[in-house]
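Undergrad: Structural data only, the sequence is not supplied:
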């Protein structure tokens, strides 16, 4: 009887060590774009299966070139995100009373993700007064649904190098 308990304890310790090693191998990242698309395949032409928001934490469960297969922490895998939409640093947003007064606007978050802030953009505009941003502003308003994108890819018979959709 004592030997049976010792075997059970040893087995439990082995399972605990294996689970700890597996969890240590997982990498916790954050979404660093306003909205990050999670795709069914590691391809910009892959079907969008989910959308994550800025600072959402994800666990990287697999890597394939510039793509990361991600899951929510302690959740099933969602799909693939390009590494450009992710940060290996954990982004934490806290909305305390003082933080709410200083909260960043959506535009500021997008600029910060590109390495800009309002002061940098204003300084650039001041040095380059002849630039017209009207077309850029109009393009930023375009919205293409995942269904429209899938139809475009299918009708155009688009595929990545190697024929993978």
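TA: Received it, and whenever you're ready, just let me know what you need. Quick caveat, the model's predicted, so the values are computed rather than measured.

Undergrad: got the buried residues for the longest strand along the chain?
TA: In the chain, with assignment by DSSP state E, the single longest strand is strand 57-64. Buried residues in strand 57-64, counting neighbours by 16 or more other C-beta atoms under 10 Å, are found at 58, 59, 60. Heads up, the C-betas are built off the backbone N, CA and C, glycines and all.

Undergrad: Could you point out the bridge partners of the closest residue to residue 37 other than its chain neighbours in the sheet?
TA: Distance criterion C-beta to C-beta, 6 or more residues apart in numbering; nearest residue to residue 37, sequence neighbours excluded, is residue 48 at 4.8 Å. Under DSSP bridges, the beta-bridge partners of residue 48 are residue 39.

Undergrad: same question, the one 5 residues further on
TA: Applying DSSP bridges to residue 53 gives these bridge partners: residue 35.

Undergrad: Report the contact partners of it.
TA: Going by C-beta atoms under 8 Å, 6 or more residues apart in numbering, residue 53 touches 31, 34, 35, 36.

Undergrad: in which helix or strand would I find the residue lying closest to residue 49 once chain neighbours are set aside?
TA: Leaving aside its sequence neighbours, residue 49 sits nearest to residue 79 (C-beta to C-beta, 6+ apart; 4.6 Å). Element membership for residue 79 (DSSP states H and E) is strand 77-82.

Undergrad: What is that strand packed up against?
TA: The contact analysis (3 or more C-beta pairs under 8 Å, 6 or more residues apart in numbering; DSSP states H and E) places strand 77-82 against strand 35-39, strand 48-53, strand 57-64, strand 67-71.

Undergrad: For residue 124, which of those strands is the nearest?
TA: strand 35-39 (24.9 Å; C-beta to C-beta).

Undergrad: List the buried residues of the closest one.
TA: Those buried within strand 35-39 under the rule 16+ other C-beta under 10 Å are 36, 37, 38, 39.

Undergrad: tell me which of these is nearest to residue 83?
TA: Lowest distance from residue 83 to those (C-beta to C-beta) belongs to residue 36, with 10.9 Å.
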